[in-house]
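Novice: fold the following, please.
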Amino acid sequence: MPPPRTGRGLLWLGLVLSSVCVALGSETQADSTTDGLNVLLIIVDDLRPSLGCYGDKLVRSPNIDQLASHSLLFQNAFAQQAVCAPSRVSFLTGRRPDTTRLYDFNSYWRVHAGNFSTIPQYFKENGYMTMSVGKVFHPGISSNHTDDSPYSWSFPPYHPSSEKYENTKTCRGPDGELHANLLCPVDVLDVPEGTLPDKQSTEQAIQLLEKMKTSASPFFLAVGYHKPHIPFRYPKEFQKLYPLENITLAPDPEVPDGLPPVAYNPWMDIRQREDVQALNISVPYGPIPVDFQKIRQSYFASVSYLDTQVGRLLSTLDDLQLANSTIIAFTSDHGRQSMDLVELVSLFPTLAGLAGLQVPPRCPVPSFHVELCREGKNLLKHFRFRDLEEDPYLPGNPRELIAYSQYPRPADIPQWNSDKPSLKDIKIMGYSIRTIDYRYTVWVGFNPDEFLANFSDIHAGELYFVDSDPLQDHNMYNDSQGGDLFQLLMP
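Specialist: All right, here's what the predicted structure looks like:
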């Protein structure tokens, strides 16, 4: 059965080991007309499957849930690295981090690895007006301080003016003073400029949609929202949706049995926030006090705030009568673990195919010299359109499907820079294989000068059988055959 043709069409939503949400939508059947389909790509930062469409009974996300209800929903979509800049460059180029050679925030792939095409660049070269609003590429060196303009965009990307206040002292604490806190419900009228970044991004995106209503060219509009990324800075009225007495503790607060120290994230970024510093939590394994459960309250409130912005955007698409001719893609760059497995590197070929463009070819190995190719699979098979070519590399047996991801570390034990090491400090790389049955990870030696992992230098391993151990609490690696299985399954 094809997805329902009411509402906004195809949705692809999922989450990752590192975590991801993805959504794709188009109400128009691909076999009726593929000429001129618009694309709205919504990228959310650090969203886990805390949404009604994933069965969460507490979180209020009616707009995203409505989109999901008329869409194709994936339960297992995996990011290739759970860090903002590497993840975004990976899925926007359709290349894995070992190809983009971006593991941190400090290099530009066109200079550092290869002059690879991007999703918006490909659409631009095929006659689309391409536009960027908010956090699409990660700002800074990793996108050449231009969000990859002019390659990817028809005109310079928009960034909300108020985003510069996100990590400043704008959170009023119990003492009445302003702090740079993790938990930051605010009165919007009292913050600098009287607005918040995601509100500004929505307003800009709406203006662009209104202009594109009469455009002769199809559009590719990417809108990047900051929330629910930390700090949890959101309009305080959303906090009222989640009374503290309704907030349960995290279901799995203990360090997993047999977890190797290299796999543990000390969350140093969170520890730098003033309200967390005041807790005096020991490094690296100190537990968060039970009465700080309001951290979950603020995360949920941030999700609901985000949901209202998504709702405004989608309502505008409907009001302008653009929904029927627009593919909607909704994804998070990473977040936290949520029937087939899919990877975010598949976004490029799948969006191209849905829009009726020629699907870029599979990349050779290595592919540093190839500008246009893709390492992800074409997922059109899941949409079941009669006239769209399926990817011959997409297995028919779910047990043949594998998702790959990776994460860098500076040392075998938690360090101050464990969650965000710079390239020069990366000494270990963790590579994960995820199937429907298990997650298998090896942590191996890594040479940052040559971008080479040494799979004969295994520092630690993890093996979790997700059916019997869904929370991945019991590491069975030492009871397995070690790295042998991993060597067989690496791409």
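Novice: list the contacts of His112.
Specialist: Going by Cβ atoms under 8 Å, 6 or more residues apart in numbering, His112 touches Thr100, Arg101, Leu102. For glycine as for every other residue, the C-beta is placed from the backbone atoms N, C-alpha and C.
Novice: so how far is Pro97 from it?
Specialist: In this structure, His112 and Pro97 are 12 Å apart, going by Cβ to Cβ, to the nearest Å.
Novice: also Pro86?
Specialist: Note on Pro86: its distance to Pro97, by Cβ to Cβ, is 5 Å.
Novice: tell me the gap between the helix ranked longest in the chain and the middle of its chain.
Specialist: When the chain is parsed with DSSP state H, its longest helix is helix 294-319. Helix 294-319 sits 16 Å away from the centroid of its parent chain (Cα atoms, centre = their mean, to the nearest Å).
Novice: again, but for stretch 81-99
Specialist: Worked out by Cα atoms, centre = their mean, stretch 81-99 lies 10 Å from the chain centre.
Novice: hang on, the earlier thing: tell me the buried residues in the longest helix of the chain?
Specialist: By 16 or more other Cβ atoms under 10 Å, the buried positions in helix 294-319 come out as 294-314, 316-317.
Novice: also stretch 54-64?
Specialist: Buried residues in stretch 54-64, counting neighbours by 16+ other Cβ under 10 Å, are found at Tyr54, Asp56, Val59, Arg60, Ser61, Asn63, Ile64.
Novice: what's it in contact with?
Specialist: Residues from elsewhere that reach stretch 54-64, judged by Cβ under 8 Å, 6+ apart: 13, 15, 23, 49-53, 75, 241-242, 246-248, 300, 303-304, 307-308, 310-311, 314, 330, 338.
Novice: try it again with 7 Å
Specialist: Outside of stretch 54-64, the residues within contact range by Cβ atoms under 7 Å, 6 or more residues apart in numbering are 50-53, 241, 246, 300, 303-304, 307-308, 310-311, 314, 338.
Novice: and the two most separated of those?
Specialist: Farthest-apart pair in the contacts of stretch 54-64 is Asn246 and Leu314; separation 27.6 Å (Cβ to Cβ).
Novice: give the contact list for the most centrally placed residue in the chain.
Specialist: Central residue of the chain (Cα atoms, centre = their mean): Asp333, 1.3 Å from the mean position. For Asp333, the contact set (Cβ under 7 Å, 6+ apart) comprises Val20, Ile43, Asp45, Ala79, Cys84, Ser87, Arg88.
Novice: ok, and the closest non-adjacent residue to it?
Specialist: Distances taken as Cβ to Cβ, 6 or more residues apart in numbering put Ser87 closest to Asp333, at 4.3 Å, once the chain neighbours are dropped.
Novice: how about Pro260?
Specialist: Ala460 (3.5 Å).
Novice: now Asp65
Specialist: Distances taken as Cβ to Cβ, 6+ apart put Gly52 closest to Asp65, at 4.2 Å, once the chain neighbours are dropped.
Novice: per-residue pLDDT of that neighbour, please?
Specialist: With respect to pLDDT, Gly52 has a value of 95.
Novice: likewise the one 5 residues further on?
Specialist: In this model, Lys57 is scored at 94, pLDDT.
Novice: same question, Phe91
Specialist: So Phe91 comes in at 96 (pLDDT).
Novice: contacting residues for it?
Specialist: By Cβ under 7 Å, 6+ apart, the contact set of Phe91 is Leu344, Val345, Leu347.
Novice: that's a strand at the second one, yeah?
Specialist: Okay, so that is Val345. No - Val345: not assigned to a strand; according to DSSP: H, G, I helix; E, B strand; the rest coil it is helix.
Novice: give me the three-state assignment for the closest residue to it other than its chain neighbours.
Specialist: Of all residues not flanking Val345 in the chain, Gly376 sits nearest, at 3.2 Å (Cβ to Cβ, 6+ apart). Assigned with three-state DSSP, Gly376 falls in the coil class.
Novice: start the count at 26, not 1, going forward
Specialist: Renumbered: residue one is now 26, and that last one reads Gly401.
Novice: hmm, Gly401 is touching Ala377, no?
Specialist: No - using Cβ atoms under 7 Å, Gly401 is not in contact with Ala377; the gap is 11.0 Å.
Novice: the two: which has the busier surroundings?
Specialist: Shown here are Gly401 and Ala377; by other Cβ atoms under 10 Å, Gly401 has more neighbours (25 against 22).
Novice: need the contact list for the more buried one.
Specialist: Gly119, Glu368, Val370, Ser371, Phe373, Pro374.
Novice: looking at these, spot the one nearest Thr220.
Specialist: Among those, Phe373 lies closest to Thr220 (Cβ to Cβ), at 33.1 Å.
Novice: now do the closest one: how many residues are near it, please.
Specialist: For Phe373, the count of nearby residues is 26 (other Cβ under 10 Å).
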